[in-house]
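# Attaching a predicted model along with its sequence, questions to come.
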Amino acid sequence: MLATFLQALVSGLAIGGIYALIALGFSITFTTTKTLNFAQGEFIGVGAFLGVTVLYVLSSGSFSGHGLPQAASAGVNFPVAVIAVGAVMGVLGILLFITAVQPFAGKPGMSWIMSTIGFGTILQSFGLAIWGPAPVSVPSPFGDDVMRFGGVGVRPQEILVLVVAIVLMVGLDILMRRTRLGKAMRAVAHSPSVAALMGINVTAIMLGAFALSSLLAGVGGLLVAPISSASLFLGLGIALKAFSGAILGGLDNPRGCIFGGFMLGLLEAGVALWQAQWREIVIFLLIILVLAIFPNGLFGSRSLDKV
Amino acid sequence: MTYSSNPSRRDIGRGALAALIAAPALSLSGRGASAAEDIKLGFNGDLSASPSAQSGRAAVVGIQAAMEDLQKQGGVLGRNFALTIRDDLSQPPKSIQNMSDLIDNEKVAAVFGPTNSGNALAWRHIPNQKRIPVMGCIGSATDITKAMSAGSDNYMFRVGSVDRTQVVALMGYAKKSPNGKRIGFLTETTGYGQGGLKDLQEVAQAQGMNVVANEKFNVADTDMTSQLAKLKAAGVDTALVWAQGTPIGQLMRSMDKIGYFPVTLTSWAADNLSFINASGPALAEKPIFLRTVSEDRSPRQQALFDRIRPKLDADSAFSFAVHGYDCTLLLAKAMQQAGSTEGPKVRAALEDLKGTIEGYAKTYTRPFTTANHDALGAADQRWTCWRGGKLAAYRDDVIDALKSDDFKG
């Protein structure tokens, strides 16, 4: 019985790590620009396939059936792919901001919702034209053998996802709270006009926020690909849960978003122990209940704009 | 289908002259004469989104191959088939929209598809109301080809596997197996999975089986250890699984995580490449399932296989291409027999097809009746598994001991 609970805990933490990473991405753009990237799901799928492409090139173009061979992720290949995906997705994030967010940010109405969704649809369509619709198996850099700890089975990729997610989140937390750049970001989040008067390049900070958020989505996609296969349709479900986690934790509190992401992952695994088909119902009922009591999420401090 | 060779400059000149002369007549008839000659057919199914999209693409390959062959034989009623393809991305609203578009705007005489059973169940009222025959070749939910109410018009036909038929055989296996004392169900929460669950529950009752666990999972889940832990705690020795290829693969990976491998009998979706891609070749060897086209191909099947293989995603997708081919063939015969492409006449002809028709899944003798709109039955099922990364025929003592009396429900 204990092993069953521990198994659910490990499974929940692994998927929760991805939710938390993407939820953090939502928080970063919201706190700096008051907008969100609703194409985050497509960024996850495209990030996964960019990773597949890099791994394919690094392994000298080897492909078996509908997946990459184990050797493709070996050695430095996977870390190189993570860095490459992060860089390309960061640039895509900047492009998204310039084309789909900046023209509408700060203006009445919520045109940026449609424009970011549209950007994602275009991105996915390009992805389909380049890579096709079929999912691709991606090997984990540490192999696929189940590791057992006291009756609990876990795959190396799940541990990797959790470790990378935690490292990235701690790193970003330090960046936000201890560095000048972080302070500048927080200043922009607090008041863009005052930040601009203080000599902070507000546009550059906003560009950086979108680059960072997109980087997290892309890297998240590549990290989760060895668990679920790379697919251009992989991200939508993850992004929805991550967004729910962000709302639950408090969209304007990065640490709250991380907490919300992990909480959602653990809830999923926990409810599945009881009745899996009730999972979505229980989770979303709980979110509604929490928001009814804490309208800005569990750790949110600022009241949201009402439209 | 229509084909055109590269025209020469003289041909273009003659064509332009002919067009000028014929222009008044064309403007009266509305459309060009060549377009009116084709019998328009539609395909509506997932070609890109769900784990089963590969089977949708394979079915289209089969349909197109049959159209080529029919054209070589002079067409149907002296006309050629033209196929209009619509991808429904596995989404029911999109599939419903496609169906109305194909029937109302494209004016198709019949529709093939869909890939996903849930989508067929979402729109089958449309062809039934508009009296347009649908030839199913992938989606296997039992209710697809059933009349929506007693005595109502039913235009849904199928050449493919049927969940009920598979469930009856798999449950027969579970009952005969020395390990089948405590069975459990694991089903996906899509229309396909829940349709299968209904069949599983009804057949288990009909065969007097002891069901001790019933768990569900989402199509995109990557971890089913919580559900499996409950089966394990209930002492399940035989798991019956109804889901698409990828989630069955993820289920195998979750079984591996907790080191629990009951006898696993699955839907035929496990023959999909998406299954082995998700599970990996070693875990893919665990489940047993049924399919309609064996990997031991007849020379005739082999010839078709060699011809269309370059267009298929995988060897295992061949069965869907065969269904698509045979669907087209039976539809063509029905139109020929009816002497018309009108829905009600074609339906009547399908329900009373004369003579024997040599298809690739089997040779058909009166494949459909008023009460039965499924061309393939229990005798057309083949026990299958994965071995060494390829599909193979499966056989053991339990299968050898199975008699027709064991198949109830």
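Nice, I can see it.

# Where does pLDDT dip in the stretch 1-150 of chain A?
Applying pLDDT under 70 to the stretch 1-150 of chain A picks out residues A:64-66, A:106.

# who in it is up against chain B?
Where proximity means C-beta under 8 Å from any C-beta of the partner chain, the interface of the stretch 1-150 of chain A facing chain B comprises A:4, A:7-8, A:11, A:14-15, A:65-67, A:128, A:133-137, A:144, A:146, A:148. In short, each C-beta sits where N, CA and C put it, glycine included.

# Filter those residues down to the buried ones.
For the residues of the stretch 1-150 of chain A next to chain B, burial is judged from neighbour counts taken by 16 or more other C-beta atoms under 10 Å in any protein chain shown, and it is met by A:4, A:7-8, A:11, A:14-15, A:66-67, A:128, A:133-137, A:144, A:146.

# Go through the residues of the stretch 1-150 of chain A next to chain B and flag which are in strands.
Where the residues of the stretch 1-150 of chain A next to chain B overlap with strands, as defined by DSSP state E, the overlap consists of A:Arg148.

# so of the residues of the stretch 1-150 of chain A next to chain B, which ones are in helices?
For the residues of the stretch 1-150 of chain A next to chain B, the ones inside helices are A:Thr4, A:Gln7, A:Ala8, A:Ser11, A:Ala14, A:Ile15, A:Leu128, with DSSP state H as the criterion.

# wait, the first one sits on B:Leu231?
No - counting by C-beta atoms under 8 Å, B:Leu231 is not a contact partner of A:Thr4; they are 11.4 Å apart.

# for A:Phe126, what are its contacts?
Under the criterion of C-beta atoms under 8 Å, 6 or more residues apart in numbering or on different chains, A:Phe126 has no neighbours.

# got any ranges where chain B has weak pLDDT?
B:1-36, B:51, B:180.

# Could you look up the SS state of the residue in the stretch 1-150 of chain B that chain A sits nearest to?
Each residue of the stretch 1-150 of chain B has a distance to chain A, by C-beta to the nearest C-beta, and the smallest belongs to B:Ser48, at 3.5 Å. Recorded secondary structure, B:Ser48: coil (DSSP: H, G, I helix; E, B strand; the rest coil).

# same question, B:Pro344
Taking three-state DSSP, the label given to B:Pro344 is helix.

# What is the burial count for it?
B:Pro344: 14 surrounding residues under other C-beta atoms under 10 Å in any protein chain shown.

# what do you get for the one 5 residues further on?
Neighbourhood size, B:Ala349 [other C-beta under 10 Å]: 22.

# So it sits against B:Leu331, correct?
No - counting by C-beta under 8 Å, B:Leu331 is not a contact partner of B:Ala349; they are 9.5 Å apart.

# What sits closest to whichever residue of the stretch 201-307 of chain A sits closest to chain B if chain neighbours are left out?
Using C-beta to the nearest C-beta, the point where the stretch 201-307 of chain A gets nearest to chain B is A:Ala272, with a distance of 3.6 Å. If you skip the residues right next to it in sequence, A:Ala272 has B:Ser226 as its closest partner in space, 3.6 Å away by C-beta to C-beta, 6 or more residues apart in numbering or on different chains.
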